[in-house]
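In: kindly generate the corresponding structure for this input.
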Amino acid sequence: MRSTYWLDAASTAKLKVSGLKQYERYDMVFFASRKDNNQKTNRTTDYTVSGTSVSLNATDNTSKVVKISEIVPNAPGEAIIDIAPNANSLFEYIGALIINGYSAPGNNARIENSELIAKVKLENELTTHEEEIINEGRMNVYPNPFGRELSIGLDEHYKGQVYLTLRNVLGRVVRHELIYLNENQNDIVLQDLNLTNGIYILSVSNSSGQTSNFRITKE
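Out: I've put the predicted structure just below:
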C-alpha cells in the first residue's frame with residue numbers, strides 16, 4: 001500500500017456509503033497504516049457506524065484490521081461512518097475499507113453482491129499521505145496501477161510456501177494462489193489478470209502466518 005487518508009486530532013471525518021440493500025446486513029473491515037520511524041506516536045483511530053465503535057492504531061501497522069458487523073442500512077440504503085481520533089491520538093487514518101454483504105437472518109432474498117457496487121462519499125475533506133503506508137520489510141508490488149500483470153518482490157521473510165490472495169473492494173476473493181519458491185527466488189509474477197478496473201487488496205502470507213497487505217489499483 002502506498003497511500004492513506006488522514007486528519008489531525010482537531011478534525012473528524014464522515015464517509016457515506018450508498019447503494020446498500022435494506023434486506024441485507026453488512027460487515028465493514030477497516031485498515032490503516034503509517035510508518036512511525038521510531039517516534040512511538042499514537043495514531044489510534046475510532047471508526048463508528050450506527051452507534052458501534054472500533055479502534056485501530058495505524059502506527060507501523062502491517063496486518064491488523066478491525067471490523068463492525070451486522071450493519072443495517074437506513075431507508076435510502078446508506079450507512080454513515082464517523083472517523084475520529086481516539087483519546088490522546090494525534091491523528092486519524094483510514095487506508096482501506098472492505099464491505100461484505102449477506103442476507104439478513106430469516107430473509108430468503110437472493111444476495112446480489114456480484115451486482116452491488118457500493119459508493120463511498122467523503123462528507124468532508126481528508127488529506128492523502130503518499131508513500132507512508134508500510135511495505136513489509138523490503139517488499140515491493142509493481143506496477144501500481146497495474147494492467148494484466150503484477151510483480152511482487154519479496155524479502156527474506158518469504159521462503160518456501162507463499163500464499164497470495166487478491167480481494168476486490170467488496171472483500172470477495174478474485175484470485176488465490178499457493179506458490180512454492182525456489183531457494184533463490186525472490187520475485188513472483190501474476191499474469192493474465194483479467195479484472196475490472198478499481199481498487200484491490202493484495203495479501204501476501206508465508207507459512208508462519210506473517211502477512212503483508214497492499215492496496216493496488218487496476219487500470
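In: name the element T217 belongs to?
Out: Assessed by DSSP states H and E, T217 sits inside strand 211-218.
In: for that strand, packing partners?
Out: strand 198-206 (3 or more CB pairs under 8 Å, 6 or more residues apart in numbering; DSSP states H and E). C-beta here means a position set from N, CA and C on the backbone, and glycine is covered the same way.
In: compute the inter-axis angle for the strand it packs on and strand 211-218.
Out: Counting by axes from the mean of the first three to the mean of the last three CA atoms, to 10 degrees, strand 198-206 lies at 150 degrees to strand 211-218.
In: low pLDDT regions in this structure?
Out: Counting by pLDDT under 70, the chain shows low-confidence ranges at 1-4, 9-10, 37-39, 106-138, 170.
In: what about the residue nearest in space to the middle of it, distance to N213?
Out: The residue at the geometric middle of the chain, judged as the C-alpha nearest the mean C-alpha position with CA atoms, centre = their mean, is A96 (3.2 Å). Separation of A96 from N213 (CB to CB, to the nearest Å): 8 Å.
In: helices of this protein, start to end?
Out: Along the chain, no stretch is classed among the helices by DSSP state H.
In: wouldn't the residue nearest to the centre of the chain be in contact with Y47 here?
Out: No. At 11.9 Å, A96 and Y47 do not qualify as touching, with contact defined as CB atoms under 8 Å.
In: so what sits against both of the two?
Out: Both A96 and Y47 are contacted by F30, under the criterion CB atoms under 8 Å, 6 or more residues apart in numbering.
In: only the buried residues of stretch 145-164, if you could.
Out: Neighbour counts using 16 or more other CB atoms under 10 Å place 146, 150, 152, 154, 158-159, 162-164 of stretch 145-164 among the buried residues.
In: CA atoms of it as PDB?
Out: C-alpha atoms of stretch 145-164 as PDB (Å, rounded to 0.1, in the frame of the first residue of the first chain):
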ATOM      1  CA  PRO A 145      -1.600   0.900 -11.200                       C
ATOM      2  CA  PHE A 146      -1.300  -2.500 -12.900                       C
ATOM      3  CA  GLY A 147      -2.800  -4.000 -16.100                       C
ATOM      4  CA  ARG A 148      -2.900  -7.700 -16.800                       C
ATOM      5  CA  GLU A 149       0.400  -8.500 -15.000                       C
ATOM      6  CA  LEU A 150       1.600  -7.700 -11.500                       C
ATOM      7  CA  SER A 151       5.100  -8.400 -10.000                       C
ATOM      8  CA  ILE A 152       5.800  -8.900  -6.300                       C
ATOM      9  CA  GLY A 153       9.300  -8.500  -4.900                       C
ATOM     10  CA  LEU A 154       9.700 -10.500  -1.700                       C
ATOM     11  CA  ASP A 155      12.000 -10.000   1.300                       C
ATOM     12  CA  GLU A 156      13.800 -12.600   3.400                       C
ATOM     13  CA  HIS A 157      10.700 -13.500   5.400                       C
ATOM     14  CA  TYR A 158       9.100 -15.200   2.500                       C
ATOM     15  CA  LYS A 159      10.600 -18.500   1.600                       C
ATOM     16  CA  GLY A 160       9.100 -21.900   0.600                       C
ATOM     17  CA  GLN A 161       5.300 -21.700   0.500                       C
ATOM     18  CA  VAL A 162       3.800 -18.200  -0.200                       C
ATOM     19  CA  TYR A 163       0.100 -17.600  -0.300                       C
ATOM     20  CA  LEU A 164      -1.300 -14.800  -2.500                       C
END
